[in-house]
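Trainee: the sequence and its predicted three-dimensional model are supplied below.
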2 protein chains.
Amino acid sequence: VSPCFQGRRHEFTSECCNVMEFGFETVRSMKVESGAWVGYEHASYQGQQFILERGEYPQCDAFGGSNAYHIERMTSFRPISCANHRECRMTIFERENFLGRKGELSDDYPSLQAMGWCNNEVGSLRIQAGAFVCYQYPGYRGYQYIMECDRHCGEYKHFREFGSHCQTPQIQSIRRIQQ
Amino acid sequence: VSPCFQGRRHEFTSECCNVMEFGFETVRSMKVESGAWVGYEHASYQGQQFILERGEYPQCDAFGGSNAYHIERMTSFRPISCANHRECRMTIFERENFLGRKGELSDDYPSLQAMGWCNNEVGSLRIQAGAFVCYQYPGYRGYQYIMECDRHCGEYKHFREFGSHCQTPQIQSIRRIQQ
């Protein structure tokens, strides 16, 4: 409940649709003991999303990746089951509905433009294996979108399917998620 | 000068000790056309530092990696000459002055703890080749420290040498820098 691991605590081993049901008004600090998780701003896995990997998060404001879009809270979260760092494969498309120029990804890309992708947007994408985090800005910054082969059948055909808060197809860095 | 690539602009091909000398009061948006750069909060490469990779930064607040430490501005910046993604090598040490348990790194590590590092701190470190970004939190978030084999002879023997703003040895994720 409080920053720096003070106050009420609770250990979770599976998904949580709403921390308020566990008597939490807000989560102020957190330790991830194992696995990779996705946190969400709102209950029922809605709103901004952010990857949570093993380690310590002493301040709630360390959850999000950008100053531009302040995340005040984490209300729901779930483990990512399909994360498999060695076998992640994704195809990105210039336009929606899997049209236009495409690129095959199976590594980490702090700058898509440095890897030869011609613009700052991704119109649609398909995950063949594993799970990725896509970021709005280069260097793994800005809005995050967690993309998994086990969700949406791995198909994200329009930027509105990237996440419930997504308002632009701007994606400039992408990396694999490991357990 | 303004957000979204409006207003006065200037193209830089080498380091800039103080953007105010070019008539800029502040930098509000930016495009990195090639290479990897380090931006600094203050003039003369002081204050918070942040990696700038190829791509578009339409809002100045997208420079920094964390809500917790708001970066209001970028006043100086320089290219990173030694970035060589394929040949980065670093040794991290549990304690200052290269003492205690150590770990050899030559890849990207979104969570040091997931890779077997036992705590949330790094006491000292040595870069044998290339350049890395070290981050305070897992998942490439929080304060950033750019570490290069060409600076300090690649030796960072106390957390105060990590950066002029560094107040803690907390480092929980590390990745290589590519050109």
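Mentor: On my side now, so go ahead. Residues are numbered from 1 along each chain as shown, chains lettered A, B, ... in the order given.
Trainee: can you list the weak-confidence ranges in chain A?
Mentor: For chain A, the stretches with pLDDT under 70 are A:1-2, A:60-72, A:83, A:85.
Trainee: let me see the ranges of the strands in it.
Mentor: Listed in chain order, the strands of chain A (DSSP state E) span A:30-32, A:37-42, A:46-52, A:55-57, A:76-79, A:89-95, A:99-105, A:124-129, A:131-137, A:141-148, A:155-156, A:173-176.
Trainee: what's the most buried one of those strands?
Mentor: Stretch with highest mean neighbour count among the strands of chain A: strand A:131-137 (a mean of 26; mean count of other CB atoms under 10 Å in any protein chain shown). All C-beta atoms are positioned from the backbone trio N, CA, C, and that covers glycine.
Trainee: hmm, back to that, among the strands of chain A, which comes closest to chain B?
Mentor: strand A:55-57 (3.4 Å; CB to the nearest CB).
Trainee: picking up where we left off before, make JSON lines out of the strands of chain A and add distance to chain B.
Mentor: Shown next, in JSON lines, are these (distance: least, CB to the nearest CB, whole Å):
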{"stretch": "strand A:30-32", "distance to chain B": "7"}
{"stretch": "strand A:37-42", "distance to chain B": "11"}
{"stretch": "strand A:46-52", "distance to chain B": "5"}
{"stretch": "strand A:55-57", "distance to chain B": "3"}
{"stretch": "strand A:76-79", "distance to chain B": "14"}
{"stretch": "strand A:89-95", "distance to chain B": "15"}
{"stretch": "strand A:99-105", "distance to chain B": "14"}
{"stretch": "strand A:124-129", "distance to chain B": "17"}
{"stretch": "strand A:131-137", "distance to chain B": "5"}
{"stretch": "strand A:141-148", "distance to chain B": "6"}
{"stretch": "strand A:155-156", "distance to chain B": "21"}
{"stretch": "strand A:173-176", "distance to chain B": "7"}
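Trainee: can you redo those strands as a markdown table with distance to residue B:162?
Mentor: Output for the strands of chain A, formatted as a markdown table (distance: least, CB to CB, whole Å):
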| stretch | distance to residue B:162 |
| --- | --- |
| strand A:30-32 | 23 |
| strand A:37-42 | 27 |
| strand A:46-52 | 24 |
| strand A:55-57 | 18 |
| strand A:76-79 | 31 |
| strand A:89-95 | 34 |
| strand A:99-105 | 31 |
| strand A:124-129 | 36 |
| strand A:131-137 | 23 |
| strand A:141-148 | 20 |
| strand A:155-156 | 38 |
| strand A:173-176 | 23 |
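Trainee: for the most centrally placed residue in chain A, give me its contacts.
Mentor: The residue lying closest to the centre of chain A (CA atoms, centre = their mean) is residue A:146, at 3.2 Å. Residue A:146 sits next to A:38, A:49, A:51, A:80, A:131-133, A:163, A:177 when contact means CB atoms under 8 Å, 6 or more residues apart in numbering or on different chains.
Trainee: which stretch among the strands of chain A comes nearest residue B:5?
Mentor: With CB to CB as the criterion, residue B:5 lies closest to strand A:131-137 of the strands of chain A, at 14.1 Å.
Trainee: next one: that closest one to chain centre, how far?
Mentor: Its chain's C-alpha centre and that of strand A:131-137 lie 6 Å apart, by CA atoms, centre = their mean, to the nearest Å.
Trainee: which secondary structure elements does that strand sit against?
Mentor: On a contact count with 3 or more CB pairs under 8 Å, 6 or more residues apart in numbering or on different chains; DSSP states H and E, strand A:131-137 meets strand A:141-148, strand A:173-176, strand B:55-57.
Trainee: can you list the domains in chain A?
Mentor: As assigned by automatic domain parsing, chain A contains the domains A:3-79, A:89-176.
Trainee: in a markdown table: these, plus distance to residue B:126.
Mentor: As requested, the domains of chain A are exported to a markdown table (distance: least, CB to CB, whole Å):
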| stretch | distance to residue B:126 |
| --- | --- |
| domain A:3-79 | 23 |
| domain A:89-176 | 23 |
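Trainee: nearest to residue B:9, out of those domains?
Mentor: With CB to CB as the criterion, residue B:9 lies closest to domain A:89-176 of the domains of chain A, at 17.3 Å.
Trainee: contacting residues around residue A:177?
Mentor: Neighbour list for residue A:177: A:36, A:51, A:53, A:80, A:83, A:85, A:88, A:130-133, A:146, B:110 [criterion: CB under 8 Å, 6+ apart].
Trainee: I misspoke; the intended subject was residue A:98.
Mentor: If a contact means CB under 8 Å, 6+ apart, then residue A:98 has A:91, A:124, A:126, A:155, A:157 as its contacts.
Trainee: switch the cut-off to 10 Å
Mentor: Going by CB atoms under 10 Å, 6 or more residues apart in numbering or on different chains, residue A:98 touches A:91-92, A:123-126, A:155-157.
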